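Undergrad: Quick one, structure for this:
(2 chains)
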Amino acid sequence: LAKTTQPISMDSYEGQEVNITCSHNNIATNDYITWYQQFPSQGPRFIIQGYKTKVTNEVASLFIPADRKSSTLSLPRVSLSDTAVYYCLVPYYNQGGKLIFGQGTELSVKP
Amino acid sequence: EAGVVQSPRYKIIEKKQPVAFWCNPISGHNTLYWYLQNLGQGPELLIRYENEEAVDDSQLPKDRFSAERLKGVDSTLKIQPAELGDSAVYLCASSLSGVNTEAFFGQGTRLTVV
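TA: You can find the predicted model right below:
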């Protein structure tokens, strides 16, 4: 069963750039890559979505290489409020198209 | 614009009792999801609707769980009878259409079975 793989946890300091990489080897042609952020006691919140190359919005950038087997979420100049769990999602259309969350990456930003 | 609304926010029941959760998705969203999230883990998909049709319920424990989405809008998830292991947060999400569109999540219902 295809799945995404991310680091379980990461530590950073305020003001630094944080890059979280997700591996999704069996990504299908129709799949987009989506990242969500989740704070305790809240539902996940959409951050960014992309198909290839680079996507940027007001909070993050998403880098996707040509083979699309991985993606990197980049958070510029993190603050304490960015402490959260980050999930990479790939629907895997070639295996039924499910929005499956993995374990996520727990990011801890320190002062 | 209102987001995804779930109720109740919290629920405590005794084992073997029934329980129901309600979800009102964002207006115009055709796709609706129910997820279960255990502490420290990512959400697990239970069922996905496209309008009123359940297009993926392969991970719904059908012996005790049921769901419906009448008229393709609101949805209800039911557990009967509840077991201790069902204690978790139940999340509802909706998106415009399909799994490649941005999903919006509700706050969830925290169920405690005692």
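Undergrad: send the alpha carbons of stretch A:96-104 over as CSV?
TA: Output for stretch A:96-104, consisting of C-alpha atoms alone and laid out as CSV, is shown next (Å, rounded to 0.1, in the frame of the first residue of the first chain):
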residue,chain,number,x,y,z
GLY,A,96,-8.3,4.1,-5.1
GLY,A,97,-7.8,7.8,-4.4
LYS,A,98,-7.9,8.2,-0.7
LEU,A,99,-6.9,11.2,1.4
ILE,A,100,-4.6,9.3,3.7
PHE,A,101,-2.7,11.1,6.4
GLY,A,102,0.6,9.7,7.6
GLN,A,103,2.1,10.2,11.1
GLY,A,104,3.0,13.8,10.2
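Undergrad: next one: it to chain centre, how far?
TA: The chain centre lies 12 Å from the centre of stretch A:96-104; the measure is Cα atoms, centre = their mean, to the nearest Å.
Undergrad: Give me the contacts around it.
TA: A:3-6, A:8, A:36, A:38, A:44, A:85-92, B:33, B:35, B:41-45, B:48, B:56, B:58, B:98-99, B:103 (Cβ atoms under 8 Å, 6 or more residues apart in numbering or on different chains). C-betas here are computed from N, CA, C, even on glycine.
Undergrad: ok, of those residues, which come out buried?
TA: Members of the contacts of stretch A:96-104 that pass the buried threshold by neighbour count (16 or more other Cβ atoms under 10 Å in any protein chain shown) are listed as A:4, A:6, A:36, A:38, A:44, A:85-92, B:33, B:35, B:42-43, B:45, B:48, B:56, B:98-99, B:103.
Undergrad: Leaving out sequence neighbours, find the closest residue to B:Q17.
TA: Closest residue to B:Q17 apart from its sequence neighbours, by Cβ to Cβ, 6 or more residues apart in numbering or on different chains: B:A82 at 5.7 Å.
Undergrad: Pull out the buried residues from the helix or strand of chain B with the lowest mean pLDDT.
TA: Taking mean pLDDT, DSSP states H and E as the measure, chain B has strand B:53-56 as its least confident helix or strand, at a mean of 90. By neighbour count with 16+ other Cβ under 10 Å, strand B:53-56 contains the buried residues B:D56.
Undergrad: Pairing partners for it, with directions?
TA: Using DSSP bridges, the strands paired with strand B:53-56 are strand B:44-50 (antiparallel).
Undergrad: Residue numbers of chain A in contact with chain B?
TA: Residues of chain A lying close to chain B by Cβ under 8 Å from any Cβ of the partner chain are A:30-32, A:34, A:36, A:41-46, A:49, A:85, A:87, A:91, A:93, A:96-104.
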